[in-house]
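[1] here is a sequence together with a model predicted from it:
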Amino acid sequence: QVQLQESGPGLVKPSQTLSLTCTVSGGSIATMNYYWTWIRQTPGKGLEWIGHYAYDGSTFYSPSQKSRTSISKDTSKNQFTLELNSVTPEDTAVYYCSGGAAGEGYTSWGQGTQVTVSS
């Protein structure tokens, strides 16, 4: 069973870069044909899809976040990482990492991590 766990700072200052890591266990991120995804939940907007890193090495980001988002994979650590630049208080949310095989949806989820953007 694939398990995911988010980690990163709970507080980020405006204009800085938010960086979160998702550690995967129960499978090798290097060989699984999965989409590794970041999603966030805010009180006002509900669930918001941020982007994914696909098993073929491609990435795809939400158009609204594309200019300041980067998702990468570290196979040596079995992790994938989200970086969101130039954050504002509107980026305050619970951030989730998720994984799922092509065509099977988001079958594995982390527990979520609260990130607050505030000075």
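    On my side now, so go ahead.
[2] tell me, what residue is most central in the chain?
    The centroid of the chain falls nearest to residue 38 when counting by C-alpha atoms, centre = their mean (2.8 Å).
[3] mind giving me the packing neighbours of the helix or strand containing that one?
    Taking DSSP states H and E as the criterion, residue 38 maps to strand 34-42. Contacts defined by 3 or more C-beta pairs under 8 Å, 6 or more residues apart in numbering; DSSP states H and E place strand 34-42 against strand 18-25, strand 46-54, strand 69-74, strand 93-101. Yep, even glycine has a C-beta here, placed from its N, CA and C like the rest.
[4] for the ones you listed, which one sits closest to residue 7?
    With C-beta to C-beta as the criterion, residue 7 lies closest to strand 18-25 of those, at 5.1 Å.
[5] off-centre distance for the closest one?
    Using C-alpha atoms, centre = their mean, to the nearest Å, the mean C-alpha position of strand 18-25 is found 7 Å from that of the whole chain.
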